[in-house]
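K.L.:
Got a predicted structure here, sequence first:
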Amino acid sequence: GMAAANLSLAYKLTGQKHYLEEAKRWVFTAVDYEVWGYGFLVDVDLSASWLLYGLGLSYDWIKEDLTSEERTKFLNKLILQGNKMFDYGEKNKGNCWSTDYWQNHNWINYTGLLTTAYAIRSEHEGAERWIDVIKENFKRVFEYLPEDGSNYEGTVYWRYAMKFILTSAELIHQDGGPNYFETDFLKN
């Protein structure tokens, strides 16, 4: 997912077609995967959320440069995988990452889904529901995060998950939500 996002950004910034072609190679490799993940929590945990994060960015940046067939195939896969992630979180509230507000799986999974939701919002009605639930989730997350800016899971997970906290904070704020950059957690 991140390889596709990096190449999509390079194309967006430079307009050089070789970046677009290489981004598409990475995108459609992932789109053609039958499942996103392996072993445990296939399609509904970190492997899938990293793909949703990177591919959501890619879709947002290159969708206008895809053929109609490519765009439809890409969009349909994002909707399919997004629904799997969202439905799992809703069905298992209280028993999984969707209500573990202090935990990196919550932040990463919902940020991947949120990134995709914003990218496909105008093309998929269900994305608005994803956004609403995820905004409510992050409202709780920021209520529970420690004021000193630390992480209950330790420094390694703080470093791993912080890019997702920052991404969600920015996306939510850009969409008219609260400015979580003013919270004690992010200030410290």
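P.N.:
Yes, it's here. Residues are numbered from 1 along each chain as shown.
K.L.:
make it CA atoms for all contacts and neighbour counts henceforth
P.N.:
Fine.
K.L.:
show me the contacts for A10.
P.N.:
Q16, Y19 (C-alpha atoms under 8 Å, 6 or more residues apart in numbering).
K.L.:
which residues sit against the longest helix anywhere in the chain?
P.N.:
Ranked by residue count and defined by DSSP state H, the top helix of the chain is helix 68-91. Under the contact criterion C-alpha under 8 Å, 6+ apart, helix 68-91 has outside partners 27-28, 31, 43-45, 48-49, 52, 55-56, 59, 63, 96-98, 109, 113, 116-117, 120, 124, 130.
K.L.:
and the residue most central in space within the chain, what element?
P.N.:
In the chain, the residue lying closest to the centroid (C-alpha atoms, centre = their mean) is G112, at 1.3 Å. Using DSSP states H and E, G112 sits in helix 104-120.
K.L.:
which helices and strands does that helix pack with?
P.N.:
Counting contacts by 3 or more C-alpha pairs under 8 Å, 6 or more residues apart in numbering; DSSP states H and E, helix 104-120 packs against helix 46-62, helix 68-91, helix 127-144, helix 155-174.
K.L.:
quick one: the first one to helix 104-120, angle?
P.N.:
Just to be clear, that refers to helix 46-62. With axes from the mean of the first three to the mean of the last three C-alpha atoms, to 10 degrees applied, the angle from helix 46-62 to helix 104-120 works out at 30 degrees.
K.L.:
One more: the last one?
P.N.:
Per the same axes, to 10 degrees, the angle that helix 155-174 makes with helix 104-120 is 30 degrees.
K.L.:
Can you point out the buried residues in helix 155-174?
P.N.:
Buried residues in helix 155-174, defined by neighbour count with 16 or more other C-alpha atoms under 10 Å: W158, A161, M162, F164, I165, L166, T167, S168, A169, E170, L171, I172.
K.L.:
same deal with the third one?
P.N.:
Of the residues in helix 127-144, those buried by neighbour count under the rule 16+ other C-alpha under 10 Å are A127, E128, W130, I131, I134, K135, N137, F138, K139, V141, F142.
K.L.:
Using PDB, list the CA coordinates for it.
P.N.:
Below are the C-alpha coordinates for helix 127-144, written out as PDB (Å, rounded to 0.1, in the frame of the first residue of the first chain):
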ATOM      1  CA  ALA A 127     -18.200   5.900   3.200                       C
ATOM      2  CA  GLU A 128     -20.100   8.600   5.100                       C
ATOM      3  CA  ARG A 129     -21.200   6.100   7.800                       C
ATOM      4  CA  TRP A 130     -17.500   4.900   8.100                       C
ATOM      5  CA  ILE A 131     -16.500   8.500   8.600                       C
ATOM      6  CA  ASP A 132     -19.100   9.200  11.300                       C
ATOM      7  CA  VAL A 133     -18.200   6.100  13.300                       C
ATOM      8  CA  ILE A 134     -14.500   6.800  13.000                       C
ATOM      9  CA  LYS A 135     -14.800  10.400  14.000                       C
ATOM     10  CA  GLU A 136     -16.700   9.300  17.100                       C
ATOM     11  CA  ASN A 137     -14.000   6.700  17.800                       C
ATOM     12  CA  PHE A 138     -11.200   9.300  17.700                       C
ATOM     13  CA  LYS A 139     -13.200  11.600  19.900                       C
ATOM     14  CA  ARG A 140     -12.900   8.900  22.600                       C
ATOM     15  CA  VAL A 141      -9.300   8.100  21.600                       C
ATOM     16  CA  PHE A 142      -8.200  11.700  22.300                       C
ATOM     17  CA  GLU A 143     -10.200  11.700  25.600                       C
ATOM     18  CA  TYR A 144      -8.200   8.600  26.800                       C
END
